[in-house]
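J.: below are the sequence and a predicted model for it; my questions follow.
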Amino acid sequence: VNDSKHPKHSVIKTTKPGPNVEEYVWFQCTTAGGRKGEDFDVAALVVAMEALGAGEILLNSIDCDGQRQGYDLELINMVCNLVTLPVIASSGAGTPQHFSELFEKTTSQAALASGIFH
């Protein structure tokens, strides 16, 4: 999106501008294994899940899934800052350094990895 004011979604300033040089993003929830986008953002979902009594958040970035280019640190930081629940980061690990980067640059309590081991 083009600015920090969005009428419907929580946005953050990004270090990875969009195709039209957008400086702000909102993180869309997806279903069907990432194939169907929903008009609902991750920020609202994690806050609601905490209020409903969830014990932890397993956070998967469909954009990073299988890419082995590192975790989506912006998404992870946003979620960690919104909830007091433990956050398990998933999707993106491709090297051992990605785990170090995750724990040095976020407050995520755990990391999930699978593709790095295949």
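T.: Right, received. Where do you want to start?
J.: go ahead and confirm Met49 touches Ile57.
T.: Yes: using C-beta atoms under 8 Å, Met49 is in contact with Ile57, at 6.7 Å. Using the backbone N, CA and C atoms, a C-beta is placed for each residue, glycine as well.
J.: state the distance from Ala89 to Arg35.
T.: For Ala89, the distance to Arg35 equals 22 Å [C-beta to C-beta, to the nearest Å].
J.: and these two? which has more neighbours close in?
T.: Here Ala89 and Arg35 are compared on neighbour count by other C-beta atoms under 10 Å; more neighbours surround Ala89, at 30 against 8.
J.: helix or strand: which one has that one?
T.: strand 87-90 (DSSP states H and E).
J.: just Leu58 next, same as before
T.: strand 57-60.
J.: contacts for that strand?
T.: Outside strand 57-60, the residues that touch it by C-beta atoms under 8 Å, 6 or more residues apart in numbering are 42, 46, 49-50, 75-76, 79, 83, 85-91, 108, 112.
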